[in-house]
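Participant: Below are the sequence and a predicted model; questions follow.
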Amino acid sequence: MTAVQPRVPGVEARAGKFPGPSLIPALNAIQARLGWLPREELEELARDTRRPRYEIEGLISFYPHFRTTPPVKVALHACHDLPCFLRDGEARIAELRERYGEAGTDNRGDVELVEVSCLGRCDIAPAVAVNERPAPLSSVDELVADARGDGVGDAVAVLRDEPWPNDPYPAGSDVGSRYATLRALLDGSLDADDIVATLKDSGLRGMGGAGFPTGQKWELVRGAQPGSTKYVVCNADESEPGTFKDRQILATQPHLVLEGLLLGMVVVGAEAGWVFIRHEYGPEEHLLRAEIDALRAAGLVGPGRQVDVFVSPGGYILGEETALLECMEGHRGEPRNKPPFPGNYGLHGRPTLMNSVETFADVPVIVQRGAQWWADQGLGESVGWKFFAVSGHVEKPDVYCVPMGTTVGSLIELAGGVSEGRQVGAVQPGGASSNFIGLDQLDLALDFGSAAKAGTMLGSGAVVVLAEGTDLLAASTNVLRFFRNESCGKCVPCRVGSTKAHELLVGRSTLDDDERAQVLRLEEAMRKTSICGLGQVALGPVVSVLGLDKGGAAARDQPRPGGATGQPDR
């Protein structure tokens, strides 16, 4: 007699959804081959998989990466989000429109100019992509000419000569000399319970924004439904303006990300794991796949321990863990109500361990060198190393790995200081979802507790610097536009509230008292009633700027839905 799976409260809305396997990899493959999704290909896919066309059309209409019309010769995408906005992005996009827009002087009917959300290339802002090849806007003319000719070629990941300080392996080492922690676990010289205990003692927390204790999460999934099918997912879908640290970790430390993921698989008892990566990270995806091939050749990946890459079909909302799982299952990427949480009811209803790129990359060195070593790397009461992506008005936008607890001011100095010798006007210390802080808070220690006490959050590890004289309300309205555009639309407070707030704020540098009160009412409604972190924090940056504009500090009670940054529990 077949055992009946116990009913899980809170998943009633999932009844009636199409079962897997996900059709998204097949749709990605068609588009990669042809550049778009022709009707005859979709009909063939429907026949082959015995899935209705309306299911397939529902997926295509939700995900922005899918095309239902033939592509033009040159697809020119220009980012219009905050780091690019701060680098004169609006004026530069206007110049592009005059040249390559529909009525542009150099548009021969072969250029499609589209303003897009963050491309994850904030270090080269203002950023563009020509036929999906990312580049600084200054390279547009050359790339357009190449696209009209033989093509733009493949982008190359940005690498570095020396390992980051969280890498326990020497520079230039290969699979044979790496993965020592995984090998020790597999040969029995290292115990899974000891790994969990070490992670708990180390104080490592989720580095994607949620800040949930890593060891505790691994312990929960390890103990969930013993003997059942389990999964592990690395969330590499960073898509928040200013956030590009995971991109660099994937490029320089694919071995650590994969070793952390594989350790998680063995510890919790999972036989399958994935790196879920945004489609704009093609160069980093290629490095990951090459590393997985090397692991397979070395016998560390294979039957009983499978690892693969799942390429996102686009959309910031997929950084939210349950929306990501919906996508992997082949549905529209709309967040689920919680509870249940993925640790108990995740991918295909099975216990699922999900951590960010940076979190997984930190696990091998912690297990090798011990919890105390990790704790000693931080400053003051903080523990460990922390990666930050620094962009905006700084001389050297880049990724920096510093001790947790480093101050905002010290990090700005490391990035060369404010560009053109200016003073700091404001800083977003934790990505687009974090509240702005003012010049009086440059001594703020960048760690979870200190950021929360200051009314902001560590968030996605993205520090965006705004020089003195920047129109802060315009900057925060730019952030709000991003959230409005990226809302999945599932819940009314987020969908309608972000639209109403943006209509009120766009083009404004000041607000009267009644307008301020209206913004505060909208923020409260969205924060308290939106389903996921996107809607809950979308107006937080605007409210913090209203406080700064009045000469006060940023709002002190930053909403922290699930400890999130708009993409909770990453």
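Facilitator: Received it, and whenever you're ready, just let me know what you need.
Participant: shaky segments in the protein?
Facilitator: 1-16, 18-19, 549-570 (pLDDT under 70).
Participant: Following the chain past the strand ranked longest in it, name the next helix or strand.
Facilitator: Selection of the longest strand in the chain by residue count, based on DSSP state E, yields strand 385-392. Using DSSP states H and E, the helix or strand that follows strand 385-392 towards the C-terminus is strand 398-403.
Participant: Okay, now the sheet partners of that next one, with direction.
Facilitator: strand 385-392 (antiparallel) (DSSP bridges).
Participant: before we move on, the earlier item: quick one: the longest strand of the chain to chain centroid distance?
Facilitator: In terms of CA atoms, centre = their mean, to the nearest Å, the gap separating the centre of strand 385-392 from the centre of its chain is 14 Å.
Participant: pull the CA atoms of that strand into CSV?
Facilitator: This file holds the C-alpha atoms of strand 385-392, laid out as CSV (Å, rounded to 0.1, in the frame of the first residue of the first chain):
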residue,chain,number,x,y,z
TRP,A,385,35.7,38.2,6.2
LYS,A,386,33.0,40.1,4.2
PHE,A,387,32.8,40.8,0.4
PHE,A,388,31.5,44.2,-0.6
ALA,A,389,30.7,45.6,-4.0
VAL,A,390,31.4,49.3,-3.9
SER,A,391,30.0,51.6,-6.7
GLY,A,392,28.6,55.0,-7.3
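Participant: number of nearby residues for the closest residue to residue 292 other than its chain neighbours?
Facilitator: Spatial nearest neighbour of residue 292, chain neighbours left out: residue 307 (5.6 Å); criterion: CB to CB, 6 or more residues apart in numbering. Every C-beta, even on glycine, is put in place using the N, C-alpha and C of the backbone. Look at residue 307: counted by other CB atoms under 10 Å, it has 22 neighbours.
Participant: could you say which helix or strand contains residue 307?
Facilitator: Using DSSP H and E, residue 307 sits within strand 306-311.
Participant: between the helix or strand that that strand is followed by and strand 306-311, how many degrees?
Facilitator: Next in sequence after strand 306-311, counting helices and strands by DSSP H and E, comes helix 321-328. Counting by axes from the mean of the first three to the mean of the last three CA atoms, to 10 degrees, helix 321-328 points 100 degrees away from the direction of strand 306-311.
Participant: starting at the chain centroid, how far to the helix or strand just after helix 321-328?
Facilitator: Remark: after helix 321-328, the chain's next helix or strand is strand 352-356, criterion DSSP H and E. Put simply, strand 352-356 sits 13 Å off its chain's centre (CA atoms, centre = their mean).
Participant: List the contacts of strand 352-356.
Facilitator: Contacts to strand 352-356, defined as CB atoms under 8 Å, 6 or more residues apart in numbering, come from residues 206-209, 214, 217-218, 221, 230-236, 246, 260-261, 264, 268, 270, 321, 324-325, 342-343, 346, 569-570.
Participant: Quick one: residues in contact with the helix or strand harbouring residue 142.
Facilitator: If you go by DSSP H and E, residue 142 is part of helix 140-148. Under the contact criterion CB under 8 Å, 6+ apart, helix 140-148 has outside partners 73-74, 76, 96, 100, 106, 110-111, 128, 130-131, 133, 135, 152-153.
Participant: May I ask which of those has the most neighbours?
Facilitator: Of the contacts of helix 140-148, with other CB under 10 Å as the count, residue 128 tops at 27 neighbours.
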